[in-house]
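Trainee: Requesting a structural model of the entry that follows:
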Amino acid sequence: MDRKRILMAFAVAVPLALLASTLVYRQLSRAAAAPGHILPTRIVVAAAALEPGIRLDTKDLRQVDWPALKPLPGMFARPEDCAGRVLISPLLENEPVLEGNLAPKDSSVGLSAMIPPGMRGVAVAVNDVVGVAGFVQPGTMVDVLATGGIEGQASSLTRTILENIRVLAAGQRIEPDKQGTPQTVPVVTLLVTPDQANLLTLASTQGHIQLALRNSADTKQVNSAPAHLSDVFGAANAVRMTAPPSIRPAPRLSSAQPHPAPYQVEVIRGNKPEVSAVPQQ
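Mentor: The predicted structure is shown next:
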């Protein structure tokens, strides 16, 4: 009797279990298909903080889950897809590795890999003043001011020739100091277009350049007016400071020596005096 009851209970329990499992499977499938419950995808991130200029290795990278509905342009799914590429911008730990962070394939390591196609890196000599007391470091943005004279004009002027220019390197460093400590260097390398490279080279060799540090978030073009010497010292002072002193030419002497005045001799003939001129010898 007990055996029959057990068999009957088993016969009822098995179909119920199958029905319950089927319902659970359907619910899970519907939840996975719902927009808010899509399974995450895997993307490649930096395993640790990485400096630009290095060639990535698989040990520098790892995978993490990422919402499939929020893909990142240029993201990678496998470390092997970006291993061997040169990094051109710094990455923090767990920051996604994107195509824009990497130099073109087969690029060499170092500074040249950080120069995008069509751009140029131009080095200019600086000192403590030109380099803004050492605060011009890799990654900062600067304006370039040039001071010089215009042909045919005595007064000099200063004008901004380049705006919002990125500093590629300070000396031989391509990364800024982590503590923000100013570093005095003799040369900085700026990222410019070929036309800007011509303008910068001319200004640095024929005049005097000055770098103006700007906020990296401030990308607005100002197009400021040139500053003339007369704007600072006034027109009269500017002329005195720039024009050479006038020199009055000495009077020219005649090559012929002037004849001395003749002697005046009075002669009395009878009662009539006469004056005669006698030339000097």
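
Trainee: Give the residue spans of the stretch 1-150 of the chain that score low on pLDDT.
Mentor: 1-21, 23-38 (pLDDT under 70).

Trainee: just the strands in it please.
Mentor: 41-46, 61-66, 120-125, 141-149 (DSSP state E, counting those that start in this stretch).

Trainee: Let me have these in TSV, extended by distance to Val97 and mean neighbour count.
Mentor: C-beta: built from backbone N, CA, C; applies to glycine. Listed next are the strands of the stretch 1-150 of the chain as TSV, based on distance: least, Cβ to Cβ, whole Å; neighbours: other Cβ atoms under 10 Å:
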stretch	distance to Val97	mean neighbour count
strand 41-46	5	18
strand 61-66	7	15
strand 120-125	24	17
strand 141-149	24	18
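
Trainee: Format those strands as TSV; extra columns: distance to Gly207.
Mentor: Written out in TSV, the entries for the strands of the stretch 1-150 of the chain read as follows (distance: least, Cβ to Cβ, whole Å):
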stretch	distance to Gly207
strand 41-46	43
strand 61-66	47
strand 120-125	12
strand 141-149	3
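
Trainee: out of those strands, which comes closest to Ala227?
Mentor: strand 141-149 (8.9 Å; Cβ to Cβ).

Trainee: which residues are contacting that closest one?
Mentor: With Cβ atoms under 8 Å, 6 or more residues apart in numbering as the test, strand 141-149 has contacts from 132, 136, 155-167, 190, 200, 203, 206-216, 218-219.

Trainee: Tell me the strands beside that strand, with direction?
Mentor: strand 156-170 (antiparallel), strand 208-214 (antiparallel) (DSSP bridges).

Trainee: Need the distance between the two termini of stretch 124-131.
Mentor: Criterion Cα to Cα, to the nearest Å; first-to-last residue distance in stretch 124-131 is 10 Å.

Trainee: quick one: buried residues of it?
Mentor: Applying a neighbour-count criterion of 16 or more other Cβ atoms under 10 Å, one finds 124, 126, 130-131 buried in stretch 124-131.
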